[in-house]
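Peer 1: Could you look at this predicted model? Sequence included:
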Amino acid sequence: MGLLSVVLTAVLATLVSIQNTENKVNIRKQSEDQVRLAVEQIDRQVRSGNVLYDPAAEGTNAGSSIAAGFSMRIYTQANGVQRCVQWRVSGGKLQSRSWATTWQIDGNVSGWRTVADHIVNTSSNVPFALDPSSNYGQRLINVDVIANVRSDTGSNVESKSSVTGRNTEFNYDPAVCQVIPTP
């Protein structure tokens, strides 16, 4: 009876350990999936971008409490539709919105939608930066998104990407998205 009890305790401890490990793997996978999908959307919009605005100069364009480097704006033609698109990290959420270039006439501005949550970027790891030192001039955006779905049990997931705006070489008017709707 004593031997059986020791064996059952060992088996049960092993099963609990396996379950805890599986939970940590699932939590990490959730973070990886949402960061990957968000960076893919940003990638598509920047690659189709006509004008990339410097994230360091964005400041409060995406909201009063948004620090420089935590928002970016693109004039893009992703999916064949020319629109102004804005991304921001606010309150641990990676959010996006867009508006038509004629938004002041037709009011066509989308609301902020959350693309990923549990974003944990810090001021030393800004999510968006224009890379002026590259051979591409004002065409290369560095994207660095860090997420952690469960900071108590999971580890950070980081996705870094450098994306080049291919259409920016055609000298589109940089003023096209200068007037920004109120966040």
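Peer 2: Sure thing, it's come through. Numbering: from 1, shown residues only.

Peer 1: by contact count, what packs against the lengthiest helix in the chain?
Peer 2: If you go by DSSP state H, the chain has its longest helix at helix 2-47. Other elements packing on helix 2-47 under the criterion 3 or more Cβ pairs under 8 Å, 6 or more residues apart in numbering; DSSP states H and E are strand 71-76, strand 113-117, strand 140-147, strand 157-164. For every residue, glycine as well, the C-beta is placed using N, CA and C.

Peer 1: orientation of the first one relative to helix 2-47 in degrees?
Peer 2: So the one you mean is strand 71-76. Taking axes from the mean of the first three to the mean of the last three Cα atoms, to 10 degrees, one finds that strand 71-76 is oriented at 50 degrees with respect to helix 2-47.

Peer 1: Check which residues of strand 71-76 are buried.
Peer 2: 71, 72, 73, 74, 75, 76 (16 or more other Cβ atoms under 10 Å).

Peer 1: Next SSE downstream of that strand?
Peer 2: strand 83-90 (DSSP states H and E).

Peer 1: ok, residues contacting that following strand?
Peer 2: 42, 45, 61-63, 65-66, 70-78, 94-101, 103, 112, 119, 121, 127-128, 145, 176-177, 180 (Cβ atoms under 8 Å, 6 or more residues apart in numbering).

Peer 1: what's the answer for stretch 161-168, then?
Peer 2: With contact meaning Cβ under 8 Å, 6+ apart, stretch 161-168 is reached by 39, 42-43, 46-52, 74, 77, 131, 134, 136, 138-144.

Peer 1: quick check, distance from it to the centre of its chain.
Peer 2: Here stretch 161-168 shows a centroid-to-chain-centroid distance of 16 Å under the convention Cα atoms, centre = their mean, to the nearest Å.

Peer 1: Format the CA atom coordinates belonging to it as PDB.
Peer 2: Coordinates of each C-alpha in stretch 161-168 appear next as PDB, following Å, rounded to 0.1, in the frame of the first residue of the first chain:
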ATOM      1  CA  SER A 161      11.400  43.300 -38.600                       C
ATOM      2  CA  SER A 162      12.800  45.900 -41.000                       C
ATOM      3  CA  VAL A 163      10.400  46.800 -43.700                       C
ATOM      4  CA  THR A 164      11.000  48.800 -46.800                       C
ATOM      5  CA  GLY A 165       8.300  51.000 -48.400                       C
ATOM      6  CA  ARG A 166       8.700  50.100 -52.000                       C
ATOM      7  CA  ASN A 167       6.500  52.800 -53.400                       C
ATOM      8  CA  THR A 168       8.100  55.700 -51.600                       C
END
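
Peer 1: so where's this structure uncertain?
Peer 2: Low-confidence segments of the chain (pLDDT under 70): 134-138, 151-154, 168-169.

Peer 1: how far does stretch 166-183 stretch from start to finish?
Peer 2: 28 Å (Cα to Cα, to the nearest Å).

Peer 1: hmm, back to that, please work out the angle formed by the directions of the longest helix of the chain and strand 157-164.
Peer 2: Going by the same axes, to 10 degrees, helix 2-47 makes 20 degrees with strand 157-164.
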